[in-house]
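Peer 1: turn this into a structure:
(chains A and B)
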Amino acid sequence: GESVGLHLPTLSVQEGDNSIINCAYSNSASDYFIWYKQESGKGPQFIIDIRSNMDKRQGQRVTVLLNKTVKHLSLQIAATQPGDSAVYFCAENWNTGRRALTFGSGTRLQVQP
Amino acid sequence: NAGVTQTPKFQVLKTGQSMTLQCAQDMNHNSMYWYRQDPGMGLRLIYYSASEGTTDKGEVPNGYNVSRLNKREFSLRLESAAPSQTSVYFCASSEAEGADVGGYTFGSGTRLTVV
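Peer 2: Alright, predicted model coming up:
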């Protein structure tokens, strides 16, 4: 079946640099996307969301970009900090019967001091 | 503190034993979900409840049952545990029902080991 995937399993960046985490989705019927952060031993934490009628949304230090033409989603983190070290998941909502999110496999972000 | 509470946090079962994972939310959310997370993988949906009184299967429902006891509580039951059910289980809730699911609030998880 169709699912959400990620290009890079691990991303290592220097403190202060910008980070970009990518996600490819294959279900053209998806109408809503969310990025989650998961720290070790904790549940996922909502970061930012975007609807399919938008191509960009900004939050505090984070920006999500959506390219529906190539079915690509990215999360940009500005001035990455050690506290940003975690696993990041993208999730999509299919605009169909199942009213629940489908999650990708995750990217681990490691911030080097 | 407001949020999603899961119990227990850790559990070891023998193959064939049964148990119920409890989940409660105090945010007056309509929808609740159970996911499992295996090492190095994303979350997979087991069951969900779009609103009080309804439950639906997710991607991996086999071997599980659920009960939406009331608006606050959504329990997950393993009738006869198998080693393949060793995983971390997350409960989540959201305001929205219907296609507009909104963001989820997750509990801290139950780490289950079946030996």
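Peer 1: the helix or strand harbouring A:Lys37 and chain B in contact?
Peer 2: Using DSSP states H and E, A:Lys37 sits within strand A:30-38. Yes - counting by Cβ under 8 Å from any Cβ of the partner chain, contacts between strand A:30-38 and chain B involve A:Asp31, A:Tyr32, A:Ile34. (C-beta placed from N, C-alpha, C; glycine too.)
Peer 1: ok, that strand: who's next to it in the sheet?
Peer 2: The strands beside strand A:30-38 in its sheet (DSSP bridges) come out as strand A:45-51 (antiparallel), strand A:86-94 (antiparallel).
Peer 1: tell me the mean pLDDT for the longest one?
Peer 2: This points to strand A:86-94. When pLDDT is averaged along strand A:86-94, the result is 90.
Peer 1: give me the low-pLDDT residue ranges for chain A?
Peer 2: Per-residue confidence for chain A (pLDDT under 70) gives these ranges: A:1-8, A:95-98.
Peer 1: for chain B, what is the nearest residue in it?
Peer 2: Here the residue of chain A nearest chain B is A:Gly43; by Cβ to the nearest Cβ that distance is 3.3 Å.
Peer 1: doesn't that residue belong to a helix?
Peer 2: No - A:Gly43 sits outside any helix when classified using DSSP: H, G, I helix; E, B strand; the rest coil, being coil.
Peer 1: give me every residue that touches the closest residue to it other than its chain neighbours.
Peer 2: By the measure of Cβ to Cβ, 6 or more residues apart in numbering or on different chains, the closest residue to A:Gly43 outside its immediate chain neighbours is B:Phe106, 3.3 Å from it. Taking Cβ atoms under 8 Å, 6 or more residues apart in numbering or on different chains, we find B:Phe106 in contact with A:Gly43, A:Pro44, A:Gln45, B:Val4, B:Phe90, B:Cys91, B:Ala92.
Peer 1: for B:Gly3, see how far away the residue of chain A closest to chain B is.
Peer 2: From A:Gly43 across to B:Gly3, the span is 9 Å (Cβ to Cβ, to the nearest Å).
Peer 1: these two: which has the busier surroundings?
Peer 2: A:Gly43 (23 against 14; other Cβ atoms under 10 Å in any protein chain shown).
Peer 1: which residues does the more buried one contact?
Peer 2: Contact analysis of A:Gly43 by Cβ under 8 Å, 6+ apart lists B:Val4, B:Phe90, B:Ala92, B:Phe106, B:Gly107, B:Ser108, B:Gly109.
Peer 1: at 6 Å what do you get?
Peer 2: By Cβ atoms under 6 Å, 6 or more residues apart in numbering or on different chains, A:Gly43 lies in contact with B:Phe90, B:Phe106, B:Gly107, B:Ser108, B:Gly109.
Peer 1: report how many residues lie close to A:Gln112.
Peer 2: Quick note: A:Gln112 (other Cβ under 10 Å) scores 11 neighbours.
Peer 1: same check, this time on B:Thr54
Peer 2: 12.
Peer 1: contact partners for the closest residue to A:Ser105 other than its chain neighbours?
Peer 2: Of all residues beyond its chain neighbours, the one nearest A:Ser105 is B:Gly42 (4.5 Å), with distances taken as Cβ to Cβ, 6+ apart. By Cβ under 6 Å, 6+ apart, the contact set of B:Gly42 is A:Phe89, A:Phe103, A:Gly104, A:Ser105, A:Gly106.
Peer 1: could you redo the last one with a cut-off of 8 Å?
Peer 2: A:Val4, A:Phe89, A:Phe103, A:Gly104, A:Ser105, A:Gly106.
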